[in-house]
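Engineer: I would like to see how this sequence folds:
(one chain, ligands or ions: 2)
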Amino acid sequence: MEEAFKKKAVPVDVPNVRPNEYFAKYVFTREKMYKYLPIDVYNKLVDVIDNGAPLDRAIADEVANGMRRWASELGVTHYSHWFQPLTDGTAEKHDAFVEHDGKGGIMEEFSGKLLVQQEPDASSFPNGGIRNTFEARGYSAWDPSSPVFVVGDTLCIPTVFIAYTGESLDYKAPLLKSLSAVSRAAVDVCRYFNIDAKKVVAYLGVEQEYFLVDEGLYAARPDLLLTGRTLMGHEASKNQQLEDHYLGAIPERVAAFMKELEMRALEFGIPVKTLHNEVAPNQFELAPIYEECNLAVDHNMLLMSLMKTVARKHGFRVLLHEKPFKGVNGSGKHNNWSLGTDTGVMLMSPGKTAEENLRFITFIVNTLMAVWKYDGLLKASIMSATNAHRLGGHEAPPVIISSFLGAQLTQVLDAFEESESDEILLLKGKKGMKLDIPQIPELFIDNTDRNRTSPFAFTGNRFEFRAVGAEANCASAMIALNSAVASQLVEFKRDVDVLIGEGEQKMSAIVKVIRRYIKECKAIRFDGNGYSEEWKAEAERRGLDCESSCPLIFDNYLKDSVVGMFESVGVMTRAELEARNEVKWEMYTKKIQIEARVLGDLAMNHIIPVVTEYQTRLVDNVIKIRQLFVGEKGDMMTAENVKLVEEISERMKFISERVSALVEARKEANRIDSEREKAVAYHDRIAPMLEEIRYQIDKLELIVDNEMWPLPKYRELLFMR
Ligand code: ADP
Ligand code: MG
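Structural biologist: Ligands and ions are numbered 1, 2, ... in the order given. Model prediction:
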């Protein structure tokens with residue numbers, strides 16, 4: 001093994017406690033439910049969690065009481081409905097367990113009513129006009145499928161956040177609907193294969209990438225502080241060219257941070273497993289073991305906030321922005337997604353028998369169909385002002401959705417497609433007509449066949465949606481994917497049933513439909529280099545969605561086919577989709593607007609004054625030398641500095657003019673009423689100006705005396721140890 005790939009042992013200062021002593025310490029697990037709830041209440045609650053049985057209000061009081069008793073033992077005094085508004089983070093509304101009895105006394109109270117439903121003051125959360133339109137308040141409602149947990153002195157209750165009239169105002173509500181849609185549709189398809197499942201679970205394993213920077217340096221970069229990324233900064237002379245960072249040695253300080261993060265995550269029941277360096281300097285990754293999708297999303301949200309807290313304790317700031325540094329790899333969140341039954345069958349894993357393998361191919365091909373039909377939607381689901389910097393960059397998945405299958409699976413699908421007669425596939429097995437696909441070797445999970453450039457890659461037993469942004473709520477991508485697959489599975493069943501109705505045998509009906517699908521969705525399959533220019537041209541020819549403007553990509557949500565799909569699986573209505581798009585456009589505009597303000601301020605108040613001072617120094621130098629050496633000699637000796645003085649003037653002039661133009665362009669854009677048009681203006685006119693200004697500043701960084709430069713440079717930000 002090469003030296004750079006060896007992990008070096010680092011001494012770390014953490015208490016020597018076994019993980020099983022603190023795992024899920026702050027979570028109201030089943031074990032604790034069993035301990036703190038009467039047995040009949042416990043049984044009913046488990047039925048709610050496992051089987052989606054309706055929550056009996058009668059047990060809510062007892063559940064709340066049990067939770068409060070458990071939480072009180074941890075010193076908890078408050079409770080909070082914890083929800084995921086349409087921003088990047090989570091929101092909480094804290095209330096004390098203590099209620100005033102109106103007679104000057106207090107009593108401890110936490111009733112079922114307070115557990116189940118709350119009315120947070122929701123007007124401050126983005127809602128795209130839903131509450132204006134429907135003149136309704138928002139309320140949060142308990143999601144029993146994600147366990148409550150304790151943070152500090154607060155009992156946090158995962159909730160959905162919806163308008164009084166039922167429209168979703170958050171990520172969780174549509175996510176839960178999409179999960180039950182995909183479950184229903186997949187259970188129906190499972191029946192073809194004699195899989196007796198009551199429920200199909202979508203699993204999600206989130207690999208989370210992030211950067212760490214020293215807290216002191218971070219504080220000296222107003223752009224990092226206010227926008228999460230560096231708006232200027234010349235590339236360091238050493239970057240990731242040597243590729244020595246990936247899986248390289250973890251610096252001691254970082255190892256200590258990781259160790260504590262791991263421990264804190266485990267306390268919250270987050271099953272973290274691997275921590276390692278990523279490709280870029282100071283970039284790292286954390287990958288918990290996959291869980292049921294809803295829980296994995298909650299855990300990822302919790303993990304991101306834990307990362308921020310723990311980082312500060314260690315003198316770091318964690319950067320979750322998708323592209324904090326230009327010219328350096330960005331951060332993503334690989335969403336490993338699969339489906340499995342409550343009976344333990346992993347539907348995306350090949351099996352041992354022919355029937356199992358047809359089941360496997362059925363789910364793979366239907367997923368491909370969904371990705372092919374809704375490639376624009378999937379792209380929209382991961383798009384944001386921040387992720388736009390990463391997608392389409394030379395090192396990140398392109399702004400075109402395609403799927404990598406690897407050589408083996410490609411071979412299998414090709415053979416499936418090409419075989420004209422069913423006889424090739426239908427061989428006699430032990431129990432009469434059984435399916436056999438000789439091309440599929442029994443052990444075919446080959447997870448080494450990788451393509452890092454594919455946004456949606458099959459990796460042996462799951463698909464890996466790699467284009468999701470590091471900062472994003474994964475729910476957005478999961479809502480789109482689960483819904484698209486659900487609607488596709490419904491269509492598949494319809495297609496197969498039609499053939500069966502015409503007298504076709506079940507298995508051969510499935511084979512026929514799958515064969516047709518393989519042909520139809522071929523355009524989405526691409527195993528080549530997704531970063532190449534040729535692929536862009538090829539994708540265009542194939543009719544894939546190649547739009548790269550973020551505000552226009554959001555339009556995909558409002559296409560008739562997409563609205564129809566979401567409505568047919570009962571996940572979102574047109575009104576909800578329209579409202580959510582308003583929020584997306586508005587957020588896009590705001591992000592660019594803030595960046596433009598910060599850049600303008602930094603350019604005029606930090607950069608220009610320092611550059612002017614340096615230029616004056618050069619001018620002084622020129623004058624003095626010329627005083628000393630009058631005539632040609634003096635001219636010659638000062639020629640270089642004169643050139644620099646000129647160059648500086650030109651660049652400063654450009655910057656000042658551009659910053660003024662930027663202010664004007666912003667004013668003009670702000671007058672636009674439509675959120676969509678405003679976002680388009682910010683994308684088309686304002687965002688490119690930021691790049692132009694930056695270009696000049698980065699050039700000046702190379703000219704001005706290092707001592708004078710007012711901001712920490714890339715080499716300091718990226719290579720602290
Ligand atoms: P790699 O670096 O090979 O992508 P990692 O171990 O870093 O692998 O992360 C893979 C992620 O995929 C983990 O979160 C893991 O739990 C998850 N995963 C593995 N199998 C499945 C599956 N069947 N469904 C969903 N996620 C899975
Ligand atoms: Mg991965």
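Engineer: is ligand 1 contacted by stretch 462-480?
Structural biologist: Yes - counting by Cβ under 6 Å from any ligand atom, ligand 1 is contacted by stretch 462-480 at residue 462. Backbone N, C-alpha and C define where each C-beta goes, glycine included.
Engineer: can you give me the end-to-end distance of that stretch?
Structural biologist: In stretch 462-480, first residue to last residue: 17 Å (Cα to Cα, to the nearest Å).
Engineer: up against ligand 2, what does the chain have?
Structural biologist: Within the chain, the positions near ligand 2 by Cβ under 5 Å from the ion are 207, 334.
Engineer: show me which strand runs longest in the chain.
Structural biologist: The longest strand of the chain (DSSP state E) is strand 200-214.
Engineer: against which helices or strands is it packed?
Structural biologist: If contacts are counted by 3 or more Cβ pairs under 8 Å, 6 or more residues apart in numbering; DSSP states H and E, strand 200-214 sits against helix 172-192, strand 283-288, strand 291-292, helix 293-313, strand 316-319, strand 333-341, helix 475-501.
Engineer: so can I have JSON lines of the ones you listed showing mean neighbour count?
Structural biologist: Shown next, in JSON lines, are the helices and strands packed on strand 200-214 (neighbours: other Cβ atoms under 10 Å):
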{"stretch": "helix 172-192", "mean neighbour count": "23"}
{"stretch": "strand 283-288", "mean neighbour count": "22"}
{"stretch": "strand 291-292", "mean neighbour count": "18"}
{"stretch": "helix 293-313", "mean neighbour count": "21"}
{"stretch": "strand 316-319", "mean neighbour count": "22"}
{"stretch": "strand 333-341", "mean neighbour count": "23"}
{"stretch": "helix 475-501", "mean neighbour count": "23"}
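Engineer: one step back: and ligand 1, is the longest strand of the chain touching that?
Structural biologist: Yes - Strand 200-214 is in contact with ligand 1 by Cβ under 6 Å from any ligand atom, via 203, 205, 207.
Engineer: for stretch 367-386, same thing?
Structural biologist: No - judged by Cβ under 6 Å from any ligand atom, stretch 367-386 and ligand 1 are separated, with a smallest distance of 12.4 Å.
Engineer: worst-scoring helix or strand of this protein, pLDDT-wise?
Structural biologist: When the helices and strands of the chain are scored by mean pLDDT, DSSP states H and E, strand 426-429 comes last with a mean of 37.
Engineer: what pLDDT is listed against residue 241?
Structural biologist: Predicted confidence (pLDDT) at residue 241: the value is 52.
Engineer: oops, could you answer that again for residue 181 instead?
Structural biologist: pLDDT at residue 181 comes out at 98.
Engineer: wouldn't it be in contact with residue 568 here?
Structural biologist: No - shown here, residue 181 and residue 568 do not form a contact pair, counting by Cβ atoms under 8 Å, at 9.1 Å.
Engineer: out of the helices and strands packed on strand 200-214, flag the one nearest residue 628.
Structural biologist: Taking Cβ to Cβ, strand 316-319 is the member of those nearest to residue 628, at 49.3 Å.
Engineer: in the stretch 351-500 of the chain, which residue sits closest to ligand 1?
Structural biologist: residue 462 (3.8 Å; Cβ to the nearest ligand atom).
Engineer: got a list of what that residue touches?
Structural biologist: Residue 462 makes contact with 203, 205, 290, 336-338, 348, according to Cβ atoms under 8 Å, 6 or more residues apart in numbering.
Engineer: if we use 10 Å, what do you get?
Structural biologist: 203-205, 290, 335-340, 346, 348-349, 447 (Cβ atoms under 10 Å, 6 or more residues apart in numbering).
Engineer: what's the closest non-adjacent residue to residue 320?
Structural biologist: Distances taken as Cβ to Cβ, 6 or more residues apart in numbering place residue 471 nearest to residue 320, at 4.4 Å, with adjacent residues excluded.
Engineer: no no, residue 670
Structural biologist: Closest to residue 670 by Cβ to Cβ, 6+ apart is residue 678, at 7.3 Å.
Engineer: point out where the stretch 501-650 of the chain drops to low pLDDT.
Structural biologist: Across the stretch 501-650 of the chain, nothing is flagged by pLDDT under 70.
Engineer: just the helices in it please.
Structural biologist: 506-520, 533-542, 550-553, 560-568, 574-601, 608-628, 632-670 (DSSP state H, counting those that start in this stretch).
Engineer: show me the domain layout of the chain.
Structural biologist: Annotated domains of the chain cover 2-83+88-124+131-166, 179-570, 588-717 [automatic domain parsing].
Engineer: next up, the contacts around the closest residue in space to residue 82 that isn't next to it in sequence.
Structural biologist: The shortest distance from residue 82 to any non-neighbouring residue, by Cβ to Cβ, 6+ apart, is to residue 156 (4.2 Å). When contacts are counted by Cβ under 10 Å, 6+ apart, residue 156 touches 26, 71, 76, 78-83, 90, 92, 94, 147-150, 268, 298, 302.
Engineer: again, 6 Å this time
Structural biologist: 80, 82, 149 (Cβ atoms under 6 Å, 6 or more residues apart in numbering).
Engineer: what's the spacing between it and ligand 2?
Structural biologist: 29 Å (Cβ to the ion, to the nearest Å).
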